[in-house]
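**Q** Attaching a predicted model along with its sequence, questions to come.
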Amino acid sequence: MDTASFRFGIHPPARRVIVHLSDTHLLAGNRPLGGRYDTTANLIATLAAVERTGVRPDAIVFTGDLTDLGEPEAYAALRAEVEPVAARLGAPIVWVAGNHDERPALRVGLLDGQPTSEPVTGVWDLGGLRLVALDSSVPGWHHGDVDAAQLAWLGEVLAEPAERGTILALHHPPLPSHIPFFDILELRHQAELAAVLAGSDVRAVLAGHLHYSTSGTFAGIPVSVASATCYTMNLQRPAQEVNGMDGGQAFHLVHVYDDTITHSVVPVGEGETAEVFTDAWTRRMAGLSPEERLEAFSRKR
């Protein structure tokens, strides 16, 4: 019996699993971001947490701001940290461009491409689940946008539905933020994007940019924003006083089922864990009848 995939309830195991990370903000020479954040150490801690999950993901998606200044050395350092982990997990890496990235350096440093300024986009077939990456970065600016050419391309891609639907990944989330001034940096022309997504097979949107985990809907589609690996926003403070802190880093586990998609926020920090749901316990529970399981586990004590 494979206890890792055993289920006592009505839902079968997820068809596909994606690891969703965002906003690594690496700097060349491992300089501290803002003079205080060790972005490389925080990335390494995040990747270690990913491996501790035991998940063998179908893809690892980074939704932008991969470096802080678009430095070639920073892209090389990012690749050196991430690629060995991805190789051990047997998962492709999806790099999404953010407002702090530079398209030419990203293309050379992460994609082995030519140093062009064309939007960084792509399509991946993850065993029938289609993943589409958009480039919402606007060269020279921090707000987001998806130009007409990208929208036309996206419409062509979505014209034919995928077997298990589509997940869209971009940096700027098409969601509001309760933090003052964040709306200055939001995604523009959202109505035009919504028009392209209307009636399509897009089941979820993955994004970053905000440095805190949040979720909502856009054009009727669930949107999940992953927190940053570098530093996060301290939402314990009044909205007008919110700023960065070196804590609360997290990533998301995206489980794709036939009828739904879940986005689980996984904290990077470790804590003492009670040893209850062991492999032996699962095997023992599997050997009981449904009535015996209810008696052993579900009844209030």
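**A** Thanks, I have it. It should be emphasised that the depicted structure is a prediction, and the values quoted were computed from it without experimental measurement. Numbers count the residues shown, from 1 in each chain.
**Q** Could you write out the alpha-carbon coordinates of the longest helix along the chain in CSV?
**A** Determined from DSSP state H, the single longest helix within the chain is helix 72-89. What follows is helix 72-89, C-alpha atoms only, in CSV (Å, rounded to 0.1, in the frame of the first residue of the first chain):
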residue,chain,number,x,y,z
PRO,A,72,23.6,39.0,-15.0
GLU,A,73,25.5,37.8,-12.0
ALA,A,74,22.3,37.7,-9.9
TYR,A,75,20.6,35.6,-12.6
ALA,A,76,23.5,33.2,-12.6
ALA,A,77,23.4,32.9,-8.8
LEU,A,78,19.7,32.2,-8.9
ARG,A,79,20.1,29.5,-11.5
ALA,A,80,22.9,27.9,-9.5
GLU,A,81,20.6,27.6,-6.4
VAL,A,82,17.4,26.5,-8.1
GLU,A,83,18.5,24.2,-10.9
PRO,A,84,20.0,21.4,-8.6
VAL,A,85,16.8,21.3,-6.5
ALA,A,86,14.7,21.1,-9.6
ALA,A,87,16.9,18.3,-11.0
ARG,A,88,16.5,16.3,-7.8
LEU,A,89,12.7,16.8,-7.9
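**Q** Pull out the buried positions in it.
**A** The neighbour-count check on helix 72-89 (16 or more other Cβ atoms under 10 Å) flags 72, 74-79, 82, 85-86, 89 as buried. No exception for glycine: its C-beta is placed from N, CA and C like everyone else's.
**Q** Please apply the same query to stretch 206-220.
**A** In stretch 206-220, counting by 16+ other Cβ under 10 Å, buried: 206-215, 218-219.
**Q** same question, stretch 246-260
**A** For stretch 246-260, burial by neighbour count (16+ other Cβ under 10 Å) applies to 246, 248-256.
**Q** Likewise for stretch 113-128?
**A** Judged by neighbour count (16+ other Cβ under 10 Å), stretch 113-128 contains these buried residues: 119-121, 124, 126.
**Q** the helices in the stretch 1-150 of the chain, which residues?
**A** 39-52, 72-89, 103-111, 148-158 (DSSP state H, counting those that start in this stretch).
**Q** can you check the stretch 201-301 of the chain too?
**A** Secondary structure of the stretch 201-301 of the chain (DSSP H, counting those that start in this stretch): helices located at 279-286, 290-293.
**Q** And for residue 17, the neighbour number?
**A** By the criterion of other Cβ atoms under 10 Å, residue 17 has 18 neighbours.
**Q** who's in contact with it?
**A** Contacts of residue 17 were listed using Cβ atoms under 8 Å, 6 or more residues apart in numbering, and they are 55-58, 253-256.
**Q** repeat for residue 187
**A** 136, 143-146, 170, 172-174, 193.
**Q** Look up how far residue 108 lies from it.
**A** Going from residue 187 to residue 108 by Cβ to Cβ, to the nearest Å gives 26 Å.
**Q** And for residue 208?
**A** Using Cβ to Cβ, residue 208 is found at 22 Å from residue 108.
**Q** In this structure, where is pLDDT below threshold?
**A** For the chain, the stretches with pLDDT under 70 are 1-6, 276, 293-294, 296-301.
**Q** Tell me which residue lies nearest the centroid of it.
**A** For the chain, the residue nearest the mean C-alpha position is residue 20 (2.3 Å; Cα atoms, centre = their mean).
**Q** Any idea what it is bridged to?
**A** Beta-bridge pairing of residue 20 under DSSP bridges involves residue 61, residue 252.
**Q** Would you mind confirming that it is in contact with residue 250?
**A** No: using Cβ atoms under 8 Å, residue 20 is not in contact with residue 250; the gap is 10.1 Å.
**Q** what's the overlap in contacts for these two?
**A** Here residue 20 and residue 250 share the contacting residues residue 226, scored by Cβ under 8 Å, 6+ apart.
**Q** Near residue 8, how many other residues are there?
**A** Residue 8 has 13 nearby residues by other Cβ under 10 Å.
**Q** could the contacts of residue 17 be laid out in a markdown table, adding distance to residue 227?
**A** Converted to a markdown table, the contacts of residue 17 look like this (distance: Cβ to Cβ, whole Å):
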| residue | distance to residue 227 |
| --- | --- |
| 55 | 18 |
| 56 | 23 |
| 57 | 18 |
| 58 | 21 |
| 253 | 13 |
| 254 | 14 |
| 255 | 18 |
| 256 | 20 |
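**Q** No further questions, thank you.
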